[in-house]
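Student: structure for the following, please:
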Amino acid sequence: MKVEEKTKEQRVQELAEMRQRIAELEAVDTELKHTAKALLESEEQHWLLVETIPHGIEDIDTSGRILFANDALHKIYGYDEGELVGKSILDLVATASEQKELREYLKLLMREQPPPVDYFGKKRTEDGKIIDVQVAWNYKRDSQGQLMGFTSVITDITEQKQTEEALRESEERFRFVTESAIDAIISADGSGNIISWNKGALTIFGYEEDEVLGKPLTFLMPQRYKEPHRRGLERISSTGEARVIGKTVELHGLRKDGTEFPLELSLSTWRKGESQFYSGIIRDITERKQAEETMRLANERMRQQLETARIIQQSFLPGQLPGADDPRYSLAAANYPAASVGGDY
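Tutor: I've put the predicted structure just below:
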């Protein structure tokens, strides 16, 4: 009887353990299902991201053969969907020399595996157009860490390059104009410190460029202008009110040798991002002022001479003009129109 009761207890215990194990397995199964669902959702989000971002994404093997290319990369290179898979990235470069450089670069990556660094290059699209691209890449390894290939994010920067080239050309033209101008062309930052200085400024003020860069504009001014200049910068910074911007004014400058000279200033302002800058075109008007003074003195002398002549003339004339019947005077000569003398010629 005791043996049978013990067997029942064992069975009850075994049944309880079995139920516990089943519950544990069900919990594990539920967790696995949740994990699988989360993984699936993550993969879906990953592929949604890959196929919707405006950047090209590609996977290549160690020889450079394309294993995967997203829709954006096909559009960048001008191929229909799926046409890039199986092609070599060497066939997409613009020139034979770049193809050789890329081949050697792949060998270097395989041999030394240096840290990934973005590179820039030119690619040829399906219709033969040359584009500029930026390539950000990383190594692709298997579970044992063996190199399998590379994953790259490719951005078409053709418009950016064109903008940079246009800006460079514009800067070169501006530099040519400023360096060939006889006027001083000076630029300063929002604090009034000099950031550019042309040859005209050297001629007018006597300072070399390295003597003035980073220094305040006030050291080119006589003392009486410095405080108004400081207040003007503060007013523009705080209120935006500019009283001489866009106008041409006459002031005085201070040369390196300490002498003052008259100048004509045309001032403009421009912004780059959040920063404000100023550019001024300065003309030395010393000769013009000297010519104006010479003309003023000549005019004054002429006025004085005319006034003297008027006084002398009045001293010789009678106080009242005589009449025709005055016996003290007689007609000495007269002028008649030609028609009245000779008739109609």
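
Student: please enumerate the helices of this structure.
Tutor: 2-52, 71-77, 96-112, 158-180, 199-205, 209-212, 223-239, 286-316, 338-342 (DSSP state H).

Student: counting by contacts, list what the third one packs against.
Tutor: The elements that helix 96-112 packs onto, with contact taken as 3 or more Cβ pairs under 8 Å, 6 or more residues apart in numbering; DSSP states H and E, are strand 119-124. In short, each C-beta sits where N, CA and C put it, glycine included.

Student: can you pull the buried residues of the strand it packs on?
Tutor: 121, 123-124 (16 or more other Cβ atoms under 10 Å).

Student: now swap in stretch 92-111 and tell me
Tutor: Neighbour counts using 16+ other Cβ under 10 Å place 92-94, 98-99, 102-103, 106, 109 of stretch 92-111 among the buried residues.

Student: quick one: distance of that stretch to the chain centre.
Tutor: Offset of stretch 92-111 from its chain centre (Cα atoms, centre = their mean, to the nearest Å): 33 Å.

Student: contact partners of that stretch?
Tutor: 62-64, 77, 89-90, 114, 119, 121-124, 130, 139, 147, 150 (Cβ atoms under 8 Å, 6 or more residues apart in numbering).

Student: repeat that with 10 Å
Tutor: Stretch 92-111 is contacted by residues 58, 60, 62-64, 66, 77, 79, 84, 88-91, 114, 116, 119, 121-126, 128-133, 137, 139, 147, 150, 154 when judged by Cβ atoms under 10 Å, 6 or more residues apart in numbering.

Student: one more: stretch 66-73?
Tutor: 47, 49-61, 76-77, 79, 81-89, 91-92, 140, 148-156.

Student: now, of the residues you listed, which are buried?
Tutor: 55-60, 76-77, 79, 84, 87-89, 92, 140, 149-156.

Student: pLDDT weak spots in the stretch 101-250 of the chain?
Tutor: By pLDDT under 70, the stretch 101-250 of the chain contains no weakly predicted segment.

Student: same thing but 90
Tutor: The stretch 101-250 of the chain contains residues with pLDDT under 90 at 119, 143, 163-182, 190-191, 228-248.

Student: once you drop chain neighbours, what's closest to Ser196?
Tutor: Ser187 (4.1 Å; Cβ to Cβ, 6 or more residues apart in numbering).

Student: count the residues that sit near the one you found.
Tutor: Ser187 has 16 neighbours, counted by other Cβ atoms under 10 Å.

Student: ok, it - contacts?
Tutor: So Ser187 contacts 178, 194-198, 268, 270, 277-280 (Cβ under 10 Å, 6+ apart).

Student: change it to 8 Å
Tutor: 194-196, 277-280.

Student: ditto for Leu267
Tutor: Per Cβ under 8 Å, 6+ apart, neighbours of Leu267: 244-247, 249, 278-280.

Student: and the contacts of Ser187, which two are furthest apart?
Tutor: Ile195 and Gly280 (12.0 Å; Cβ to Cβ).

Student: overlap of the contact sets of these two?
Tutor: 187-188.

Student: the more surrounded of the two?
Tutor: More crowded of Ile195 and Gly280, by other Cβ under 10 Å: Gly280, with 20 against 14.

Student: quick one, grab the pLDDT at that one.
Tutor: Among the per-residue scores, Gly280 holds a pLDDT of 90.

Student: pretty sure it contacts Ser266?
Tutor: Yes. Taking contacts as Cβ atoms under 8 Å, Gly280 lies within contact range of Ser266: 6.8 Å.
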